[in-house]
Every structure is written in C-alpha cells, then in structure tokens.
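*Asks:* Structural data only, the sequence is not supplied:
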C-alpha cells in the first residue's frame with residue numbers, strides 16, 4: 001500500500017473479496033479484457049476521430065511504454081489537468097497500465113490549487129492542455145515547477161515539444177510497443193491506489209481521495225449495472241472527465257467495461273449536444289442540473305432527431321422536481337438521479353423505480369455492501385422520516401484522505417464511517433432525499449466552493465474588516481456565492497475590485513463571489529458568531545424583492 005493511504009481493515013478486505021465486491025482486476029486489466037473480446041468494435045469518437053478498441057489500446061500501450069522510458073514508475077503521481085479530449089482517455093488508460101497515479105484536477109484550477117496539490121501529493125509530472133482555453137497553462141506549469149521542484153516532467157497535449165514540455169501527440173507518433181515483459185513487470189497491484197480524486201470539502205484546499213483499482217472497478221461495475229450499460233451503450237461525455245461523475249459513476253470507465261462507445265463532443269452548446277446525439281445515436285448522457293435546464297429550454301431541440309436517447313442521468317447538485325418532471329416530455333428520455341461523492345458512496349435511482357421516486361428522491365445506495373446511517377449531532381441514528389447527517393462505509397468508500405491523519409480523526413468515526421456532512425432523510429420505502437449540508441459549502445452547478453477558503457482570502461484584502469460568504473439561490477446553477485463584508489474605516493469596495501484581487505491570488509474563477517453586500521454590523525448568534533442563517537435569509541429576501 002502506498003504510504004499515506006489508509007488501508008481497509010483486514011477483516012473487511014476478506015469480507016469484500018469473499019462476497020465478490022473486490023476482485024483481483026486492475027483498471028487496465030479490465031480494459032484489456034474487453035479490448036481482446038471486441039477488438040473491432042468502436043470505442044471512442046470525437047470530431048473526425050474514430051477509434052476501435054484495438055486502436056485505443058494501441059495508443060494507451062504506446063503512451064505507457066513512453067512514460068516508462070521517460071522515467072515514470074509505479075506509484076509515481078502525475079497531475080492531470082485537461083479538458084475533455086481523446087488524449088485524456090489515452091493517458092488515463094496508459095497510467096493505469098503502469099500503476100502511475102493520476103491526480104484529477106480541473107481545467108479551472110489555478111496556481112494556488114495546483115501548487116498545493118503538487119506539493120502534497122509529491123507529483124513527479126504535470127499534464128496540461130494547449131494554451132487554447134484563454135489561459136497560459138504553460139506559464140502556470142513552469143511556475144508550479146519552480147515552486148515544487150519535484151515536478152520533473154511537464155507534458156502537453158499540444159502537437160510540438162518545446163519550452164520544457166513533452167508533447168503527448170509526439171509520443172504517440174513514435175508508435176512505441178509495450179512488451180509482454182513490461183506488462184508483467186509494471187502490472188499494478190489491484191489493491192493499491194489507482195486514482196487520486198479531489199474533495200469538495202469545506203476546509204480550504206481540497207483533500208486528496210485515494211481510489212484503489214479494485215474499489216474503483218467495483219464502483220463503475222455497480223453503477224453501470226444500475227444504468228443498464230451494455231455493448232450497445234453510446235455515452236456522450238458532456239461533463240468534465242476528471243470528475244468522479246463522468247469518469248466512473250457510471251462514466252467512461254463503465255462504458256469501457258462492457259464494450260460500449262464513448263463520444264467526446266468538440267463543442268458544448270445545446271445545439272452541439274443535440275447534433276452529437278443525432279449523429280452518433282447516443283443512448284446515455286450525464287448532466288448537472290444547469291445543463292438539463294439549458295437543454296430543456298433550448299428552442300433548437302425540435303431541429304434534431306433525439307430518438308436514440310434513452311437515459312439522462314442528473315448529478316452534481318440537487319435537481320428541482322419541477323425540472324425533473326419536464327425531462328421525459330421535452331427530451332423524450334428517461335431520467336436517472338445520482339447522488340455521490342468522490343470519497344465513495346453513490347446513491348442512484350434505477351430505471352424501473354416508480355416515477356414519483358425518480359422525480360423526488362436520489363434513490364438508494366448502489367451496493368449491498370454499503371452501510372449507511374443517518375445520525376443526529378450526538379451520533380445516534382434518527383427515526384425514518386427524520387433529517388440527520390449521513391455517515392457511511394463500504395467496499396468503495398475511502399477509509400481516510402491521503403496524508404491527512406489529523407483531519408481523518410474528525411472526518412471518520414472510530415469504527416470507520418465517513419462523515420459526509422450531508423443532511424438527508426430516509427423515507428419508509430428506503431428512498432433518500434437530500435435536505436442540505438451540515439457545514440458551509442456552496443454547490444455552484446456541481447463545482448464545490450469551500451466557504452472557508454474564500455473567506456480567508458477576502459479577509460486578507462486591505463479594505464476588509466470582516467467577511468462571511470453564503471450561498472444564494474440560483475435557478476440555473478443551484479447556488480452562487482455572495483460575500484458579505486464590513487470595511488475598515490475610510491474604505492470602499494466594489495465586486496469587480498474584490499474579484500480582481502482574488503484573481504491575483506490565482507484561484508479558480510468559479511470560486512469568485514458573484515454578489516457583494518457591504519454591512520456596517522454583522523448579525524450575531526447568541527454566542528457571538530456571525531449568524532449566517534440571518535445572512536442567508538437576507539439575501540433570499542433581497543433576491544425575492546428584486547424579482548418583483
């Protein structure tokens with residue numbers, strides 16, 4: 001086991017293996033088995049690119065051999081910061097084959113986040129996009145490399161080497177063969193870490209979530225089973241592939257387990273999504289609620305043949321029942337709901353659940369091995385129908401964040417249950433509903449914003465005396481950030497000034513406050529803390545008045 005990864009207790013490991021949850025199969029072995037079975041079946045489509053399973057395997061093997069020859073070794077960490085692109089899939093499969101651990105970062109992350117992640121994970125390499133996303137990723141990579149010298153290699157999916165970077169596409173042109181000897185030598189242990197996901201936690205910088213080959217394969221296998229995946233499945237990758245949702249819940253990983261086809265669109269406006277569904281006869285699409293709302297309200301939908309579309313799965317944020325009820329009449333497909341976390345536990349509705357449960361709930365846990373409790377503040381289980389915090393453990397839920405022993409003491413119970421911080425209600429029929437968060441966390445269209453992180457940055461502004469950041473409701477994204485501040489004497493502050501200052505701190509743009517309220521005095525609780533409940537009520541009231 002990689003140092004810093006909390007292992008499951010031996011009795012749990014034995015139980016999970018005996019019950020068939022954990023199998024001795026790595027992510028790369030899972031893919032190779034399907035590639036052997038269906039070599040000529042189409043596996044990946046993007047724009048004019050069309051690859052069979054045999055061709056996709058060849059690209060992954062070529063990169064695996066190249067990474068080894070460059071100097072990467074099993075259990076090295078490699079930061080992967082890419083938009084949705086075919087190269088993401090090649091790299092992911094190549095790293096899985098040689099046991100190198102990708103650290104799944106978002107294209108929106110900036111120096112503050114990447115530098116911390118590189119340092120904390122001990123990353124040896126960093127994969128960046130071309131500078132085509134209106135941001136200089138090469139400058140970011142060099143700055144991170146300067147601050148964290150352990151980042152020895154920088155790779156780009158650009159067409160050329162240079163400026164200290166190695167081109168992934170140039171490596172692919174070498175057509176390097178990954179030999180049987182190398183396959184045996186670098187075969188990953190399925191019970192070791194395969195992927196590092198990032199938490200959306202409330203305590204500043206993201207925590208690192210280690211996912212094992214065996215638990216991540218099981219994660220996707222169960223999701224794919226409930227989603228009805230088979231070799232006729234055509235999956236449109238509309239959400240970020242680095243997210244747990246699009247990667248493994250059920251995601252591209254589940255598609256590759258059954259011999260289905262992945263379609264990566266080259267553009268993401270509603271008309272582009274509809275065109276891809278029509279052209280590739282897409283059957284299954286993941287979406288966050290903001291996407292669903294845009295698709296449902298698009299006037300262009302009637303211009304396309306969407307008859308192949310069987311299921312849309314909504315996750316990342318709570319779906320309003322009114323929006324959910326419009327999916328079938330407008331889009332013509334079934335709705336699935338999924339609630340989950342990169343830490344593990346997944347709750348889904350199934351395709352044969354009652355319509356009311358699909359519209360109003362998030363479903364049930366996906367595995368018979370999931371242990372879920374809903375507890376009060378003292379840790380006592382509440383009665384069905386009552387709201388409490390959901391805690392969980394199981395065959396694909398982590399036992400500890402990477403190198404975070406102090407935090408783990410708070411995040412887990414003594415018997416290994418993960419404290420999710422999510423407030424849920426369990427109905428008498430077993431279906432779960434989400435009622436909110438126990439701690440401050442803003443869910444902006446599926447992107448989690450740590451209130452503590454943003455408050456600390458704002459508090460450092462020379463004009464700010466005190467700050468409180470709260471979520472304000474938004475019909476499209478679910479929530480946006482509103483910053484309440486009090487100012488030092490003689491100072492003024494506008495939202496644009498504040499956000500320019502925050503951008504200088506090199507944080508991701510999705511974390512920026514989208515409204516600023518200046519107060520002389522903050523409302524306080526009876527123990528003298530800022531009353532965020534009163535602030536949330538205030539912003540709700542103001543938004544309601546503005547709508548009138």
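*Replies:* Sure, I can see it. What you see is a predicted model; the values in this text were computed from it and never measured.

*Asks:* residues contacting the nearest residue to residue 417 once chain neighbours are set aside?
*Replies:* With sequence-adjacent residues excluded and distances taken as CB to CB, 6 or more residues apart in numbering, residue 417 is closest to residue 391, at 4.2 Å. In short, each C-beta sits where N, CA and C put it, glycine included. For residue 391, the contacting residues are 372, 373, 374, 375, 413, 417, 418, 419, 420, by CB atoms under 8 Å, 6 or more residues apart in numbering.

*Asks:* How about residue 59?
*Replies:* Applying CB under 8 Å, 6+ apart, the residues near residue 59 are 51, 90, 172.

*Asks:* will you turn these into TSV that also has distance to residue 40?
*Replies:* What follows is these, written out as TSV (distance: CB to CB, whole Å):
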residue	distance to residue 40
51	11
90	19
172	21
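
*Asks:* Kindly reformat those residues as JSON lines containing secondary structure.
*Replies:* Shown next, in JSON lines, are the contacts of residue 59 (DSSP: H, G, I helix; E, B strand; the rest coil):
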{"residue": "51", "secondary structure": "strand"}
{"residue": "90", "secondary structure": "helix"}
{"residue": "172", "secondary structure": "helix"}
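
*Asks:* For these, which single residue is the most surrounded?
*Replies:* residue 90 (26 neighbours; other CB atoms under 10 Å).

*Asks:* Looks like that residue contacts residue 58 (just checking).
*Replies:* No: the criterion here is CB atoms under 8 Å, and residue 90 misses it with residue 58 at 9.7 Å.

*Asks:* rewinding a little: show the model's pLDDT score for the residue nearest to residue 417.
*Replies:* Residue 391 carries a pLDDT value of 98.

*Asks:* how does the chain divide into domains?
*Replies:* Per the record, the chain has its domains at 7-18+212-438, 27-188, 441-547, by automatic domain parsing.

*Asks:* which one of these has the lowest average pLDDT?
*Replies:* domain 441-547 (a mean of 89).

*Asks:* what separates it from the chain centre, distance-wise?
*Replies:* The chain centroid and the centroid of domain 441-547 are separated by 24 Å under CA atoms, centre = their mean, to the nearest Å.

*Asks:* quick one on the thing from earlier: so which of the domains of the chain gets nearest residue 199?
*Replies:* The minimum distance between residue 199 and the domains of the chain falls on domain 7-18+212-438, with 6.4 Å, by CB to CB.

*Asks:* gap between the two ends of the closest one?
*Replies:* 27 Å (CA to CA, to the nearest Å).

*Asks:* ok, so of the contacts of residue 391, who is nearest residue 166?
*Replies:* residue 418 (38.1 Å).

*Asks:* who does the closest one bridge with?
*Replies:* residue 392, residue 412 (DSSP bridges).

*Asks:* from memory it sits against residue 390, does it?
*Replies:* No: here residue 418 lies out of contact with residue 390, judged by CB under 8 Å, at a distance of 9.2 Å.

*Asks:* Neighbour count: these two, which is higher?
*Replies:* More crowded of residue 418 and residue 390, by other CB under 10 Å: residue 390, with 26 against 23.

*Asks:* Please enumerate the strands of the stretch 51-200 of the chain.
*Replies:* 77-81, 101-105, 125-128, 153-156, 165-167, 193-198 (DSSP state E, counting those that start in this stretch).

*Asks:* Redo those strands as CSV? Include distance to residue 331 and mean neighbour count.
*Replies:* Below are these laid out as CSV (distance: least, CB to CB, whole Å; neighbours: other CB atoms under 10 Å):
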stretch, distance to residue 331, mean neighbour count
strand 77-81, 32, 24
strand 101-105, 29, 26
strand 125-128, 35, 27
strand 153-156, 37, 23
strand 165-167, 40, 19
strand 193-198, 29, 25
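
*Asks:* Looking at those, which is nearest to residue 5?
*Replies:* Comparison of the strands of the stretch 51-200 of the chain against residue 5 by CB to CB identifies strand 193-198 as nearest, at 5.4 Å.

*Asks:* could you give the angle of that closest one to strand 101-105?
*Replies:* 20 degrees (axes from the mean of the first three to the mean of the last three CA atoms, to 10 degrees).

*Asks:* got a list of what the nearest residue to residue 310 once chain neighbours are set aside touches?
*Replies:* Of all residues not flanking residue 310 in the chain, residue 283 sits nearest, at 4.6 Å (CB to CB, 6+ apart). When contacts are counted by CB under 8 Å, 6+ apart, residue 283 touches 232, 233, 234, 235, 308, 309, 310, 311.

*Asks:* Got a quick PyMOL command for the buried subset of the residues you listed?
*Replies:* The following PyMOL line selects those of these that are buried, judged by 16 or more other CB atoms under 10 Å:
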select buried, resi 233+234+235+308+309+310+311
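
*Asks:* What about the contacts of residue 283, which are in strands?
*Replies:* Among the contacts of residue 283, DSSP state E puts 234, 235, 311 in strands.

*Asks:* what about the residue nearest to the second one when sequence neighbours are not counted, distance to residue 523?
*Replies:* By that I understand residue 235. Leaving aside its chain neighbours, residue 235 sits nearest to residue 255 (4.6 Å; criterion: CB to CB, 6+ apart). Distance of residue 255 to residue 523, computed by CB to CB, to the nearest Å: 50 Å.

*Asks:* These two: which has the busier surroundings?
*Replies:* residue 255 (26 against 15).

*Asks:* After the strand or helix carrying that one, which helix or strand is next?
*Replies:* If you go by DSSP states H and E, residue 255 is part of helix 251-258. Using DSSP H and E, the helix or strand that follows helix 251-258 in sequence is strand 261-263.

*Asks:* Pull the distance from that next one to the chain's centre.
*Replies:* For strand 261-263, the distance to the chain centre is 19 Å (CA atoms, centre = their mean).

*Asks:* Would you mind listing the buried residues in it?
*Replies:* Across strand 261-263, burial judged by 16+ other CB under 10 Å covers 261, 262, 263.

*Asks:* Take those residues and write them to JSON lines, including distance to residue 8.
*Replies:* Converted to JSON lines, the buried residues of strand 261-263 look like this (distance: CB to CB, whole Å):
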{"residue": "261", "distance to residue 8": "34"}
{"residue": "262", "distance to residue 8": "31"}
{"residue": "263", "distance to residue 8": "36"}
